[in-house]
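Q: Fold the following and give me the result.
(chains A, B and C)
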Amino acid sequence: MSAEMEHKKTLEEDDEFEDFPMDTWPDSETIKEASDIQANLWKEDWDDVEVEDDFTNELKKELEKHRK
Amino acid sequence: PAAAAAPPLPSDVRPPQVLVRTLDYIVDNILPKLPDCEGFLWDRMRSIRQDFTYQNYSGPEAIDCNERIVRIHLLILHVTARSDVEYSLQQELEQLHKALITLSEIYDEVRASGGQAPNEAEFRAYSLLSRIRDPEYDKMAQSLPKPIFDNSLVQLALCFRRIVSNSTYSERGHIKTENGLNLYQRFFELLKSNRVPFLMSSFLEVYLNEVRFYALKSLAHALNKKHKPVPVSFIREHLMFNDEDEVIKLCEHYSVEVSAEGIKLSTLTHHSHIIPEATPLKQSYLRVVDGKLLQSTPQALINSGKPNVDTIPSGDSS
Amino acid sequence: MENPQLNTFFARISSGDFNCLILNLDTNGALVAQLQADLQNITSDNDLEELVERQKFHKGSWTRFNILVTSFLKYCKDVNPWSLWESSDLIFTYYQDLTNCLLNDNFPANSLVPLFQDTTEYAIVLAKRLDSKYRDLGTRQHQFLAYMSSVITKLFNSIKPRYEEPALRFQELPKKQQILLYTANKLNNIYMHIDSPSSCANIFKNVKPKSAIQSFSQYPIKEQIEYRYLLGRYYLLNHRVSNGFHQLNCAFSLLAVCVNKSPPNTATRRNLQRILNFLLPAAILFGKTPSWDLCRYYDPDSTNTFEQLVHAVKTGNMHSFNVWLAQHEHALRSRKLLILLLEKIPLLVYRNLIRRTVLTFCFPSNTNKIPYTILEEAVRISLGSSDGFQSIYTLIHTPENVPNLLESLVNLGLMKANCFPISKQCVFPKSDKIDFIFPAINEKLIAFFPLNNDDTWLDD
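A: This is a model prediction of the structure:
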């Protein structure tokens, strides 16, 4: 088993944190950067971009049949 | 009272085979006398369970007796609800719940030693219905081995848990959670169908009153405030009341105005189905469930499981 | 009787060097072996106890400390380096004796705290190894980890808040106070591991009253991150979406900064992926879509998986939602996410489906009414065929649910409309703005399901 696969397996089976290296105390900048990450991560809401695919086209077609 | 009593003398505790025979006797001779013998049955079944506990015995006889006791409690729920006998629903449910907890513990033990109890799925399904809004039970369900999880009764119980998962349910100690659909129509549709066996239907009848309350509340909130009164017949049909009298009783209980034109849903102001200091509504039942009961005899229902032998593979250390 | 190794050992302890009390044979094996040789001529436990007492550590007043040293020497004397099982009694007795020393604050237990942390890490690994063989060993499932949790709980319970002013800085706290969050995390991890997460409630409830520092942010940052990760998962187990999202989101962003700042490290990255496995479903339930590019940078696999789910939800496609769940059933079940998603995503799928239907059917003809029959048609198309699915996926969903779907959406403020069940139609405000009829999901959720007040101190 490759190391890559082994890690994948660990992730699948174990949701527990492993020990990781990290400065014990963040500088004030870290906190600010964390909120920047949050802001960038959640830019969109459900409705911001309309998506289309076979399903939505079928839905549209069927619904339009019923429109008077 | 039981907790305060001194433990019985060892000579008074019946051995497992005797407890099985006692229960056999009850099923054959006492059960046909329901609903009148409810109190007697309740007492006898509790003492059978206690005798197993006193000797700390969890072998096949204990599984068999606890399973049949659960089924008897489920049968009683329906039979007493449709009768006029005095009984305590609270106490029935309490004993039922305890028997289910005992069974879950034994099933876990059996599994830990490499075995499989043959009727586990059926009783896991009942457990899932006994605390129908407790997420702890969803966690339990997801830990079950795949064949049990995939069993049709377990799947059905999981469906009912989703159906009643409305986000407006309110009771002391209950925390409302997000995105719950209140699919009460589906609740009644499924109960009507033969997909849901009698014993499970009987258990679900316990939730009839609250499902109806949150259905009315859901409707009341979705209607325009100036909406005209909703005909009693509409509510009777959609919430599967046996007759219009039952509808009126429920409305009276929650002080909802009913006039000749119908039910004025905007007058429903209660947030919880439980009204403090009021006598709770009488337990309801459905005529369709009665029909399911007639499809077999009580004895056949209670003794319907596979025999509990060889639950633990021999040669395994204990 | 000449016991040179033993005498050196005692001298080290007297001087306050507790590294000689380390169990781990990888780091302390040489010393343990030397002591083992020295100890062979001491046959009775009594002799050993007397020998330790004669050393007059701490002027002989700290009985539990003597018990600890004796316990360590018994371990040295009898440990079988080739059998963890045979040595397990010695190891866990020692761990308990060590923890007992920390319970009473009247003794100089501070100096033992690093040894306690070290031994905890070591013992948890051993307990997991033993528990994984419980059938061969004839022990109960999770027996050793459950034992560990009972020992650590005693320590956790013995951590009392100081009644004076809270400390200004973490370093000013007594050592035992410093490991409050560490202990809480260890316990919560064990509870999750042994399938007893309901026990976490008591820990989460008690950390704040026990804390003697001004703000949560003064605890070591990795402990903060892990604490929030565990708390978030605990909320999801209890189906509390908004709270779960909030905690996991904080854990993720803090850890992400660290990943960006520090040199590449696989453990850190894997922890980030662990958070994402819970954060992404929580976000979807909360009506949030992540920036996929940013997510992909941290964890391409999970990102692709959840992107498919989001697509199903966005388009209002129940059928492909069910396909997705069934495909990932195993992994979702093991994380206890399957039922949460099964129960709480459909409302959002239906919301998006009905929204789309209103856009397609009503907006072009400027009507603010929609007949139930049209919505039933939309639901029918969305559900597709139920062939090949287990009943949990399909049994409760039918086009006849439309009245109940609308009521549920209206009740939760996710759709502004009135239902007319008798004439079977739904009327919404006259508006050309779809967002007015279907407000943003997370804003409504926050209003209806506020964050737990008990947690505000985490953000202060």
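Q: and B:Asp138, how many neighbours?
A: Using other Cβ atoms under 10 Å in any protein chain shown, the number of residues around B:Asp138 comes to 24. Backbone N, C-alpha and C define where each C-beta goes, glycine included.
Q: right, and it touches C:Lys336 too?
A: Yes. Using Cβ atoms under 8 Å, B:Asp138 is in contact with C:Lys336, at 7.4 Å.
Q: Show the pLDDT at C:Lys128.
A: We have a pLDDT of 95 for C:Lys128.
Q: Now do the contacts for the closest residue to it other than its chain neighbours.
A: Of all residues not flanking C:Lys128 in the chain, C:Leu145 sits nearest, at 6.6 Å (Cβ to Cβ, 6 or more residues apart in numbering or on different chains). Going by Cβ atoms under 8 Å, 6 or more residues apart in numbering or on different chains, C:Leu145 touches C:Ile124, C:Ala127, C:Lys128, C:Asp131, C:Ile190, C:His193, C:Ile194.
Q: Just to check, the first one is in contact with C:Ser149?
A: Spelled out, that is C:Ile124. No. Applying Cβ under 8 Å as the test, C:Ile124 and C:Ser149 come out as separate, 9.9 Å apart.
Q: and those two? which has more neighbours close in?
A: C:Ser149 (23 against 20).
Q: Tell me if the more buried one really is in a strand.
A: No. Counting by DSSP: H, G, I helix; E, B strand; the rest coil, C:Ser149 is not part of a strand but helix.
Q: burial of the closest residue to chain A within chain B, as a residue count?
A: The nearest approach of chain B to chain A comes at B:Asn179, 13.0 Å away (Cβ to the nearest Cβ). Neighbourhood size, B:Asn179 [other Cβ under 10 Å]: 26.
Q: helix, strand or coil for it?
A: B:Asn179 - assigned by three-state DSSP - is coil.
Q: how near is it to C:Ile441?
A: To C:Ile441, B:Asn179 is 9 Å away according to Cβ to Cβ, to the nearest Å.
Q: what residues are shared contacts of the two?
A: The contact lists of B:Asn179 and C:Ile441 share C:Leu348, where a contact means Cβ under 8 Å, 6+ apart.
Q: Please verify my assumption that the residue of chain B closest to chain A contacts C:Leu347.
A: Yes. Using Cβ under 8 Å, B:Asn179 makes contact with C:Leu347 at a distance of 4.5 Å.
Q: overlap in contacts of these two?
A: Common contact partners of B:Asn179 and C:Leu347 (Cβ under 8 Å, 6+ apart): C:Leu412.
Q: re the thing from before, shared neighbours of C:Ile124 and C:Ser149, anything?
A: In contact with both C:Ile124 and C:Ser149: C:Ile190, using Cβ under 8 Å, 6+ apart.
Q: Poorly predicted segments of the stretch 1-150 of chain C, please.
A: Within the stretch 1-150 of chain C, the stretches with pLDDT under 70 are C:1-2.
Q: Tell me the residue of it that sits nearest chain A?
A: C:Glu121 (8.0 Å).
Q: still on that earlier bit, what element comes up after the helix or strand hosting the residue nearest to C:Lys128 heading to the C-terminus?
A: C:Leu145 is part of helix C:143-158, with elements assigned from DSSP states H and E. Downstream of helix C:143-158, the next assigned helix or strand under DSSP H and E is helix C:175-178.
Q: packing partners for that next one?
A: Counting by 3 or more Cβ pairs under 8 Å, 6 or more residues apart in numbering or on different chains; DSSP states H and E, the packing neighbours recorded for helix C:175-178 are helix C:113-131.
Q: measure B:Gly180 to C:Leu73 for me?
A: According to Cβ to Cβ, B:Gly180 stands 60 Å off from C:Leu73.
Q: what is in contact with B:Asp138 and C:Lys336 at once?
A: With contacts defined as Cβ under 8 Å, 6+ apart, no residue is shared by B:Asp138 and C:Lys336.
Q: residue boundaries of the helices in chain A?
A: For chain A, applying DSSP state H gives helices covering A:3-13, A:28-41, A:54-66.
Q: picking up where we left off before, what's the farthest-apart pair in the contacts of C:Leu145?
A: C:Ile124 and C:Ile194 (11.5 Å; Cβ to Cβ).
Q: Quick check: closest non-adjacent residue to B:Tyr57.
A: B:Pro16 (5.8 Å).
Q: was I right about that neighbour contacting B:Asp64?
A: No. Judged on Cβ under 8 Å, B:Pro16 makes no contact with B:Asp64 at a distance of 9.1 Å.
Q: dump the residue contacts of residue 58.
A: Picked chain A for this. C:Ile381.
Q: actually chain B
A: B:Phe52, B:Glu105, B:Ile106, B:Glu109.
Q: One more: B:Val232?
A: B:Val232 neighbours (Cβ under 8 Å, 6+ apart): B:Glu244, B:Val247, B:Ile248, B:Val258, B:Gly262, B:Ile263.
Q: May I see the PyMOL selection of the buried members of the residues you listed?
A: Buried members of the contacts of B:Val232, defined by 16 or more other Cβ atoms under 10 Å in any protein chain shown, are picked up in PyMOL with:
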select buried, chain B and resi 247+248+258+262+263
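Q: ranges for the helices of the stretch 301-450 of chain C?
A: C:318-327, C:329-334, C:338-344, C:346-357, C:372-383, C:391-394, C:402-411, C:434-437, C:441-448 (DSSP state H, counting those that start in this stretch).
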